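> sequence unknown, structure follows:
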């Protein structure tokens, strides 16, 4: 084995996901596995999703791979730290990648990681693995796109590695390396349908202040229509899924490509229902009509706020009124409209929160999900509030979600604000229904009032 790839996500330890039960494999690792194998490397993937932490640590101790590559994001950081410790016990070389390690390179290196890959990992690992085999951890400055610690314990960042311009050069994700049946069966058991994820592009050119661009930067590269069609055909043949999840940041971002892809799906009779994400400024009636014809049954819009002032502060480059228009247009064509809502962005007032509640009432999305903003290191939002960021726990015991911005409302305030928002909107929705559920309306009304009272009691 040249390298073992893993990611440290454990489904059964994730209380929220245990309720949702919609797992997807980590496509980034599967892309790396496929590419390295195409270059002649011996690669194994240890997919921890359906395993226990103890089982994964036992496998690592038994197999003792010489090199372990770990994908790390904010959510998996605590598990990744445990994996690093386990790997160093049998002297494996540990390489980290993903959106999290770049922003805390020194901390991860001092914790025990040997190398951090910045950005796209395929070509970097292609060059790095032979180097490790021949020279070990010496002369690492010869490899571009990495961070490491030299003999003097100084952190060294090598020259950036350009993003590979042609995504068609990469083979399809190595789904054969993991037990895809577990993902498909989980979906079937909990949702009576199976699902497979894929991406048609990498990166996002938008500059939302709170969004991390640590892997691909502010960039966007698309696969060719023919290349994606080939993968969808293989997915249908191998897994016969009931639906697809296009995991692109903005699926309809490139209008010409989108219409060409829709025509190709129709030509090849690839009418698999799907779910995706987009933005209001990349939607219009022609696009939405075509999405419906392609089989899109749900589209998520990054609405974030009903206050245009807050959206402008986020540099969202989007319009709240048009979000409402596109939501109704999606529903007109039989597509469920989902919304992402963010509470607590810098400068948001209770008046802005009220505008978001009214926004949701008017738009009436089929579903909306809320989150409370937090400053991710490396983002413009983090830079704006850096002088007021407080960490109550040591680095190894926290994530960026735990950071506190001095002067902002308390976490308890936003718990109450979320209760108010959800129940206020539900109350309005039930009141507008053709058949009114009066007990449900009363319950939502009371919970909304409790949320509002809680906001007043726990402002700071």
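Now that the structure is in, tell me what you want to look at. What you are looking at is a predicted structure, and each value in this text was computed from that prediction instead of being measured.

> OK, contacts around the closest residue to residue 216 other than its chain neighbours?
For residue 216, ignoring the flanking residues on the chain, the nearest one in space by C-beta to C-beta, 6 or more residues apart in numbering is residue 203 at 3.6 Å. The C-beta positions use only the backbone N, C-alpha and C, and glycine is treated the same way. Residues near residue 203 by C-beta atoms under 8 Å, 6 or more residues apart in numbering: 163, 213, 216, 217, 218, 219, 220, 221, 249.

> what segments of the stretch 151-300 of the chain are helices?
180-191, 225-239, 255-267, 285-294 (DSSP state H, counting those that start in this stretch).

> one step back: now a PyMOL select for only the buried ones of the contacts of residue 203.
Buried residues among the contacts of residue 203 (16 or more other C-beta atoms under 10 Å), as a PyMOL selection:
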select buried, resi 163+213+216+220+249
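
> quickly list the domain ranges of the chain.
3-157, 193-373 (automatic domain parsing).

> got CSV for these, with distance to residue 424 and mean pLDDT too?
Listed next are these as CSV, based on distance: least, C-beta to C-beta, whole Å; pLDDT from 0 to 100:
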stretch, distance to residue 424, mean pLDDT
domain 3-157, 23, 96
domain 193-373, 5, 97
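
> and the contacts of residue 203, which is closest to residue 62?
Taking C-beta to C-beta as the measure, residue 62 sits nearest to residue 216 out of these, at 35.4 Å.

> I figured the closest one hits residue 202, correct?
Yes - the pair residue 216 / residue 202 is scored as a contact, 5.5 Å apart, by C-beta atoms under 8 Å.

> find residues that contact each of those two.
Counting by C-beta under 8 Å, 6+ apart, the residues touching both residue 216 and residue 202 are 120, 163.

> neighbours around the nearest residue to residue 322 once chain neighbours are set aside, how many?
Excluding its sequence neighbours, the residue lying closest to residue 322 (C-beta to C-beta, 6+ apart) is residue 280, at 4.7 Å. Using other C-beta atoms under 10 Å, residue 280 is surrounded by 21 other residues.

> quick one: contacts for residue 280?
Counting by C-beta under 8 Å, 6+ apart, residue 280 touches 301, 318, 319, 322, 323, 325, 326.

> switch to 10 Å and redo it
Residues near residue 280 by C-beta atoms under 10 Å, 6 or more residues apart in numbering: 301-303, 316, 318-327, 329.

> distance check, residue 152 against residue 105.
For residue 152, the distance to residue 105 equals 16 Å [C-beta to C-beta, to the nearest Å].

> repeat that for residue 374.
Taking C-beta to C-beta, one finds residue 374 at 20 Å from residue 105.

> rewinding a little: neighbour count winner among residue 152 and residue 105?
For the pair residue 152 and residue 105, the greater number of neighbours falls to residue 105 (21 against 6), based on other C-beta under 10 Å.

> verify the contact between the more buried one and residue 155 for me.
Yes - in this structure, residue 105 is within contact of residue 155 by C-beta atoms under 10 Å, at 6.2 Å.

> so what sits against both of those two?
116, 147, 148, 149.

> one step back: and the contacts of residue 280, which two are the farthest apart?
Using C-beta to C-beta, those span at most 19.4 Å, a distance reached by 316 and 329.

> so for the two, which sits in the more crowded spot?
residue 316 (26 against 19).

> and that one, how far is that from residue 281?
Taking C-beta to C-beta, one finds residue 316 at 9 Å from residue 281.

> common neighbours of those two, please.
Listed as contacting both residue 316 and residue 281 by C-beta under 10 Å, 6+ apart are 206, 323.

> which residues touch residue 69?
The neighbourhood of residue 69, defined by C-beta under 10 Å, 6+ apart, consists of 3-7, 29, 32-33, 36, 43, 45, 93-98, 115, 117, 121, 125, 128-129.

> what strand or helix carries it?
Here residue 69 sits within strand 67-71, counting by DSSP states H and E.

> for residue 60, same thing?
Using DSSP H and E, residue 60 falls within helix 53-63.

> now that helix against strand 67-71, angle please.
On the basis of axes from the mean of the first three to the mean of the last three C-alpha atoms, to 10 degrees, helix 53-63 is oriented at 160 degrees to strand 67-71.

> ok, residue 3 touching residue 95?
Yes - look at residue 3 against residue 95 with C-beta under 10 Å: they come within range, at 7.8 Å.

> shared neighbours of the two, anything?
Contact criterion C-beta under 10 Å, 6+ apart; residues shared by residue 3 and residue 95: 67, 68, 69, 125, 128, 129, 132.

> any idea how many residues pack against residue 5?
Using other C-beta under 10 Å, residue 5 has 28 neighbouring residues.

> touching, residue 359 and residue 303? I think so.
Yes - in this structure residue 359 lies within contact range of residue 303 using C-beta under 10 Å: 7.3 Å.

> now do the shared contacts for those two.
With C-beta under 10 Å, 6+ apart, residue 359 and residue 303 have common neighbours 320, 323, 324, 327, 339, 341, 365, 368.

> list the ones among these that fall in strands.
339, 341, 368 (DSSP state E).

> among the shared contacts of residue 3 and residue 95, name the buried ones.
So, by 16+ other C-beta under 10 Å, the buried ones in those are 67, 68, 69, 125, 128, 129, 132.

> can you redo these as TSV with distance to residue 77?
Below are these laid out as TSV (distance: C-beta to C-beta, whole Å):
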residue	distance to residue 77
67	21
68	16
69	16
125	21
128	23
129	25
132	24
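
> show me the two of these that sit farthest apart.
The widest separation within these (C-beta to C-beta) is 13.0 Å, between 68 and 128.

> that older thread, residue 406: which of the buried ones among the shared contacts of residue 3 and residue 95 is nearest?
Once C-beta to C-beta is applied, the member of these that ends up nearest residue 406 is residue 69, at 37.5 Å.
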